[in-house]
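sharing a sequence plus its predicted fold:
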Amino acid sequence: MSIHIHHIAIVVDDLDEALAFYQQALGLTLAERRAVPEEEVEIAFLPAGEGEIELLRPLDDRSGVARFLAKRGEGVHHVCLRVDDVEAAMARLQAAGAHLLSETPQVNPHGVRYVFVHPKSAHGVLVELYEVKGDE
Ligand code: CO
């Protein structure tokens, strides 16, 4: 089993403003920007070495991300770990008593299966698991 940091996600008030900072002041390059209507967020990915920075902003006032931003302000929203087998990881977490945010993996537009672990189970940080096979 190999496990790596896939991305660290930062919730922001204004995605254009945040992207300008991360690109111009920090020197990262934008790889992808898209809306995720089912999660009511817009996301942008900026590769940094083997991992990536994800910037996200809520698309409405009611989503979990919108409530997070209203309550805690801008900042780190989740840490995403890359795993070989998301179902094996979920089984291990459930055996350890962890609370997952969905019972089965979700699938993103790239076909990546993923799941979130509740921050109460992960010592205060929302943890996302991405299933990426092999050395991609
Ligand atoms: Co993420």
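Yes, it's here. Residues are numbered from 1 along each chain as shown.

what's the pLDDT at Leu81?
For Leu81, the pLDDT comes out at 97.

what sits against it?
Applying Cβ atoms under 8 Å, 6 or more residues apart in numbering to Leu81 gives the contacts Ile3, His4, Ile5, His6, Val127, Glu128, Leu129, Tyr130. Using the backbone N, CA and C atoms, a C-beta is placed for each residue, glycine as well.

hmm, try it at 7 Å
Ile3, Ile5, His6, Val127, Leu129 (Cβ atoms under 7 Å, 6 or more residues apart in numbering).

now do Ala31
Phe45, Leu46, Pro47.

which among the contacts of Leu81 count as buried?
With burial judged by 16 or more other Cβ atoms under 10 Å, the buried subset of the contacts of Leu81 is His6, Val127, Leu129.

redo these as JSON lines? Include distance to Met90.
Shown next, in JSON lines, are these (distance: Cβ to Cβ, whole Å):
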{"residue": "His6", "distance to Met90": "16"}
{"residue": "Val127", "distance to Met90": "12"}
{"residue": "Leu129", "distance to Met90": "8"}
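
out of those residues, who's nearest Ser102?
Leu129 (11.0 Å; Cβ to Cβ).

the closest one belongs to a strand, doesn't it?
Yes: counting by DSSP: H, G, I helix; E, B strand; the rest coil, Leu129 is located in a strand.

was I right to think it contacts Asp84?
No: between Leu129 and Asp84 there is no contact under Cβ atoms under 7 Å: 10.4 Å.
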